[in-house]
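1. A predicted structure for the sequence below; I have some questions about it.
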Amino acid sequence: MKVAIDGQVYHSVAESNGEVHALDSALQKSLQEHCQSFSSLSLQSFAISILDTPVTTNSSVKVTVSYTDFRYTWHMASTQRSVPHAAIVAIRNAYLFGIALSRNLIFDHDQSCELYQSQ
């Protein structure tokens, strides 16, 4: 994965038992090189759904990811034509939400955002 943060480009590679977790792990490596506070974000689960019937190679897929910072848990989803593209968009949005949450930029949430206090 290649990520640009504050004008600096980071390259990272990660292996896992699935492409969603591998993308998350690679992004986590790049972000930790830039800022240690990202280590508190953790992928809890992900789901992949095929949205079109009949199923074809051009079917829309939805990837939903759940993250926690061990205080809150939140979910993000993305619908695209490929699993990797949907996964990276959902993961990116989950990290952006986690960053905003850690900087107290989220004061209240609307009904489109599911935010749960961790037990």
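-> Sure thing, it's come through.
2. Which helix or which strand is home to the closest residue to Met1 other than its chain neighbours?
-> Using Cβ to Cβ, 6 or more residues apart in numbering and skipping the chain neighbours, the partner closest in space to Met1 is Ala26 (3.9 Å). For the C-beta atoms, the positions are set from N, CA and C on the backbone; glycine is no exception. Using DSSP states H and E, Ala26 maps to helix 19-34.
3. so what secondary structure elements neighbour that helix?
-> strand 2-5, strand 8-11, strand 42-50, strand 61-68, helix 83-102 (3 or more Cβ pairs under 8 Å, 6 or more residues apart in numbering; DSSP states H and E).
4. Show which residues not belonging to the last one make contact with it.
-> Right, the one you point to is helix 83-102. The contact list for helix 83-102, computed with Cβ atoms under 8 Å, 6 or more residues apart in numbering, reads 19-20, 23-24, 27, 31, 37-38, 40-41, 43, 46, 48, 61-65, 67, 69, 72, 74-80, 106, 113.
5. ditto for the second one
-> Residues outside strand 8-11 that contact it (Cβ under 8 Å, 6+ apart): Met1, Lys2, Val3, Ala4, Lys29, Ser30, Glu33, His34.
6. Spit out the contact partners of the last one.
-> The reference is to His34. His34 neighbours (Cβ under 8 Å, 6+ apart): Ile5, Asp6, Gln8, Tyr10.
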